[in-house]
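Student: With the input below, show me the fold.
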Amino acid sequence: QVEDARVQYLELLERGGRVAGVRFARTAPDGTGGVRDTGRYEDIEAQLVLRAVGYRGVELPGLPFDPVHGTVPHAAGRVLRGGVPSPGEYVAGWIKRGPTGVIGSNRSCAKETVASLLADAAALTLRTAAGDPLAVLREWGLRPVEWTGWLSIERAEAELGRSLGRGPVKIPDWAGLLAAARDENR
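Tutor: Residues are numbered from 1 along each chain as shown. This next block holds a predicted model:
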């Protein structure tokens, strides 16, 4: 068991062609909301390693994307298009900074983005608002998941968890999420 929450996955260890453990690097805050490697490492024995759902950001249609880092280019949470902030477009979390940090990192990450949004608010209110965003998405041939669909996904994840004798279990793929969202019987 890792005793300090400030650790970062570094590498999988193998023995005889099989997983033997996971090496973690102890980290320390770097002063910019991220962490830096301290040069201290800890190995934990393991025979099975599972990747968490949503570990790497994926490209979203219509947004710029850095495939190397799995992030949307940004400046303090403002989406950058051609190196210039795009008014009204913001990111937070792993799509903003990549899969780094600890749970508390999301708070400072979101705080930075919200500060940018608030600083931009006066200029954003002067813009002409687009029509109903759901109508625009439908116009593009998309079927947005609305609140009832979101609730349906939550029920499906709770049912999946109950079937396994535990709490809610995340549905790990788009096809499964969309099927749950569109299930009228939930």
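
Student: in the protein, what spans have low per-residue confidence?
Tutor: Applying pLDDT under 70 to the chain picks out residues 1-9, 33, 51-55, 184-186.

Student: Domain parsing of it, as residue ranges.
Tutor: 7-45, 74-125, 133-181 (the TED database).

Student: Show me the one of those domains that comes nearest residue 68.
Tutor: Minimum separation from residue 68 across the domains of the chain (C-beta to C-beta) falls at domain 74-125, 9.8 Å. C-betas here are computed from N, CA, C, even on glycine.

Student: any idea how far the closest one is from the chain center?
Tutor: Relative to its chain's centre, domain 74-125 lies at 13 Å (C-alpha atoms, centre = their mean, to the nearest Å).

Student: Show me the beta-bridge partners of the residue nearest to residue 37 when sequence neighbours are not counted.
Tutor: The spatially closest residue to residue 37, leaving aside those adjacent along the chain, is residue 25, at 4.7 Å (C-beta to C-beta, 6 or more residues apart in numbering). Per DSSP bridges, the residues bridged to residue 25 are residue 8, residue 41.

Student: now, of the domains of the chain, which is deepest in the fold?
Tutor: Ranked by mean neighbour count, the domains of the chain are led by domain 74-125 with a mean of 15 (mean count of other C-beta atoms under 10 Å).

Student: That domain: end-to-end distance?
Tutor: Using C-alpha to C-alpha, to the nearest Å, the end-to-end distance of domain 74-125 comes out at 21 Å.

Student: same question, stretch 163-173
Tutor: Start-to-end, stretch 163-173 (C-alpha to C-alpha) is 18 Å.

Student: can you list contacts of that stretch?
Tutor: Around stretch 163-173, the neighbours that count as contacts under C-beta atoms under 8 Å, 6 or more residues apart in numbering are 53, 153, 154, 156, 157, 158, 160, 161, 177, 180.

Student: mind checking how far the most centrally placed residue in the chain is from residue 42?
Tutor: Note on the chain: the residue nearest the mean C-alpha position is residue 94, at 4.2 Å, using C-alpha atoms, centre = their mean. According to C-beta to C-beta, to the nearest Å, residue 94 and residue 42 sit 23 Å apart.

Student: Pop out the phi and psi values for residue 72.
Tutor: Dihedral pair for residue 72: phi -100, psi 130, per degrees, to the nearest 10.

Student: Could I get the contacting residues of the nearest residue to it once chain neighbours are set aside?
Tutor: In space, and not counting its chain neighbours, residue 72 is closest to residue 91: 4.8 Å by C-beta to C-beta, 6+ apart. Residues near residue 91 by C-beta under 8 Å, 6+ apart: 71, 72, 74, 77, 79, 113.

Student: longest helix of this protein?
Tutor: Among the segments of the chain that qualify as a helix by DSSP state H, the longest is helix 105-125.
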